[in-house]
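Asks: my questions are about this predicted structure, shown below with the sequence.
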Amino acid sequence: MDKLKINGGGPLDGEITISGAKNAALPILCAGLLTADTLRLTNVPQLRDVLTTQKLLQGMGVRVMTDNVHEFELTASQITSLEAPYELVKTMRASILVLGPTLARFGEARVSLPGGCAIGARPVDQHIKGLQAMGAEIVIEHGYVKASGKLRGARIVTDMVTVTGTENLMMAAVLADGVTTIENAAREPEVVDLAECLIKMGARITGHGTDTIVIEGVKALHGATHAIVPDRIETGTFLCAATAAQGRVVLRNTRAGIMEAVLDKLREAGAYIEAGDDWISLDMKRRPKAVNLRTLPYPAFPTDMQAQFMTVNAVAEGTSVITETIFENRFMHAPELVRMGADIATEGNTAVVRGVEKLSGATVMATDLRASASLVIAGLVAEGETVIDRIYHLDRGYEHIERKLSGIGARIERIS
Ligand SMILES: CC(=O)N[C@H]1[C@@H](OP(=O)(O)OP(=O)(O)OC[C@H]2O[C@@H](n3ccc(=O)[nH]c3=O)[C@H](O)[C@@H]2O)O[C@H](CO)[C@@H](O)[C@@H]1O
Ligand SMILES: C=C(OP(=O)(O)O)C(=O)O
């Protein structure tokens, strides 16, 4: 099993090109199921989750062409299976995203229930409730959601803001008979990117980016070409690395306008940030100042940046309070950071982080995707050697992280 070995304490300075967003690429690849024509995607990140989605779609009969690793052509003209099997869903929860489009186009779908994961229980009851409101018959049997029926437009109010829930229901609604309104919809940039791709495919959608999305069903969608939006979480992760390490970084192919809450917190920590249309630069000349934060749905501070910011706070001047309101078990990185010398006390959904002057390298274990990223940042600033085990989590969501970080001076390598 691969591990990452990091020799910390060195300076970080240089440029990194940001990849397309995992959380936009996964639903948009699934949108390929909505048409028999070819959907051409560019800026697709090279990630394990993208590979899993490719396998999932190919298992259903979708033809997937990838001449260039970042460009995909999907053609769902000869579907052979309407099922997402447990073996794939258990490695990637986002597999649930085939439910809405498959049901909408073929009137039937059978998708394994994802179950819980390291960060929380993560039920999909809102996806199911919304599809039922649109007239789907849903049976849960043998660990699978079996859905059938011709969908019709409905008014759906979700109990909480759910990103993949909104995406699944939006993809179901584009081919439903009549108008669907999703209220309390997620406003995340990845939901907007999916809506923009669907519109290029002929869907009639308005209100994406607000909490009320209105979808007027059409008879069929057609092919289109779409570039995946840049990954704001990958961007934020490298910005946190440069902040914690008191370094400098210029990030290319990214977008500052979709991550204001994170940029504000970095400025509050003392970073000097500039941005243009497709780049962000960060210069950190001092030890970071501790900043309080609370995770909430977009446009507030994202849960997917909480772990990385905990590492910044761990080496900051002062004490901070971090409150996680989205997932009930998303502090698994805290005890690993403590093993590296951090002073963090957690109780329920709150972590109190007392900044220390130095972390020290250690062997630590990655428990989930962003926890792994927080340990990488800790390894970069720690004295001595850090070895991070179980980095398959990292490969789900970061494209060649060790190469990108080496490019700005980090002493980091993948070892077996
Ligand atoms: C592939 C993808 O895009 N993943 C992102 C997506 O996950 P995902 O879409 O799974 O997360 P949700 O937005 O659905 O979850 C938000 C909260 O709602 C709860 N919930 C959700 C659906 C439901 O039917 N019932 C229910 O109770 C969840 O357990 C969680 O507590 O949004 C999360 C929140 O921004 C991010 O951390 C993930 O990176
Ligand atoms: C929680 C995350 O992803 P997923 O929903 O794919 O588990 C994440 O990207 O941080």
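Replies: Happy to help now that I have it. Ligands and ions are numbered 1, 2, ... in the order given.
Asks: where does the residue in the chain that ligand 2 sits nearest to land in three-state SS?
Replies: The minimum distance from the chain to ligand 2, using Cβ to the nearest ligand atom, falls at Asp304 (4.0 Å). Glycine gets a C-beta too; all of them are placed from N, C-alpha and C. Classification of Asp304 using DSSP: H, G, I helix; E, B strand; the rest coil returns helix.
Asks: show me what contacts it?
Replies: 23, 233, 370 (Cβ atoms under 8 Å, 6 or more residues apart in numbering).
Asks: now do 7 Å
Replies: 233, 370 (Cβ atoms under 7 Å, 6 or more residues apart in numbering).
Asks: stretch 366-382 near ligand 2 at all?
Replies: Yes: judged by Cβ under 6 Å from any ligand atom, stretch 366-382 comes into contact with ligand 2 at 369-370.
Asks: use 73 as the first number from now on
Replies: OK, 73 is where the count begins now, so the last one is stretch 438-454.
Asks: show residues contacting that stretch.
Replies: The contact list for stretch 438-454 (Cβ under 7 Å, 6+ apart) reads 76, 78, 80-81, 84, 190-191, 309, 312-313, 316-317, 376, 379-380, 382-383, 386-387, 404-405, 408-409, 412, 431-433, 436, 458, 460-463, 465-466, 468-470, 473, 482.
Asks: let's see it at 6 Å
Replies: 78, 80, 190-191, 309, 312-313, 316-317, 376, 379-380, 382-383, 387, 404-405, 408-409, 412, 431-433, 436, 458, 460, 462-463, 465-466, 468-469, 482 (Cβ atoms under 6 Å, 6 or more residues apart in numbering).
Asks: so how far is Ile398 from the closest residue to Leu365 other than its chain neighbours?
Replies: Nearest non-adjacent residue to Leu365, counting by Cβ to Cβ, 6 or more residues apart in numbering: Phe373, 5.1 Å away. To Ile398, Phe373 is 10 Å away according to Cβ to Cβ, to the nearest Å.
Asks: now the helices for the chain?
Replies: 94-103, 120-131, 158-161, 171-178, 197-205, 235-245, 261-272, 304-316, 332-340, 378-386, 405-411, 441-453, 464-469, 473-478 (DSSP state H).
Asks: would you convert those helices into CSV that also reports distance to Val363 and mean pLDDT?
Replies: Listed next are the helices of the chain as CSV, based on distance: least, Cβ to Cβ, whole Å; pLDDT from 0 to 100:
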stretch, distance to Val363, mean pLDDT
helix 94-103, 24, 98
helix 120-131, 30, 97
helix 158-161, 37, 95
helix 171-178, 38, 98
helix 197-205, 32, 98
helix 235-245, 24, 98
helix 261-272, 22, 99
helix 304-316, 10, 98
helix 332-340, 5, 98
helix 378-386, 7, 98
helix 405-411, 16, 98
helix 441-453, 15, 98
helix 464-469, 24, 94
helix 473-478, 23, 98
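Asks: Serialize the ones you listed to JSON lines and add fields for mean neighbour count.
Replies: Rendered in JSON lines, the data for the helices of the chain read as follows (neighbours: other Cβ atoms under 10 Å):
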{"stretch": "helix 94-103", "mean neighbour count": "27"}
{"stretch": "helix 120-131", "mean neighbour count": "20"}
{"stretch": "helix 158-161", "mean neighbour count": "17"}
{"stretch": "helix 171-178", "mean neighbour count": "26"}
{"stretch": "helix 197-205", "mean neighbour count": "20"}
{"stretch": "helix 235-245", "mean neighbour count": "28"}
{"stretch": "helix 261-272", "mean neighbour count": "23"}
{"stretch": "helix 304-316", "mean neighbour count": "27"}
{"stretch": "helix 332-340", "mean neighbour count": "18"}
{"stretch": "helix 378-386", "mean neighbour count": "29"}
{"stretch": "helix 405-411", "mean neighbour count": "21"}
{"stretch": "helix 441-453", "mean neighbour count": "28"}
{"stretch": "helix 464-469", "mean neighbour count": "21"}
{"stretch": "helix 473-478", "mean neighbour count": "20"}
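Asks: next, format the ones you listed as TSV and append distance to ligand 1.
Replies: Converted to TSV, those look like this (distance: least, Cβ to the nearest ligand atom, whole Å):
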stretch	distance to ligand 1
helix 94-103	4
helix 120-131	8
helix 158-161	13
helix 171-178	11
helix 197-205	3
helix 235-245	3
helix 261-272	6
helix 304-316	7
helix 332-340	12
helix 378-386	9
helix 405-411	14
helix 441-453	8
helix 464-469	8
helix 473-478	16
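Asks: so which of those gets nearest Ser149?
Replies: helix 171-178 (11.4 Å; Cβ to Cβ).
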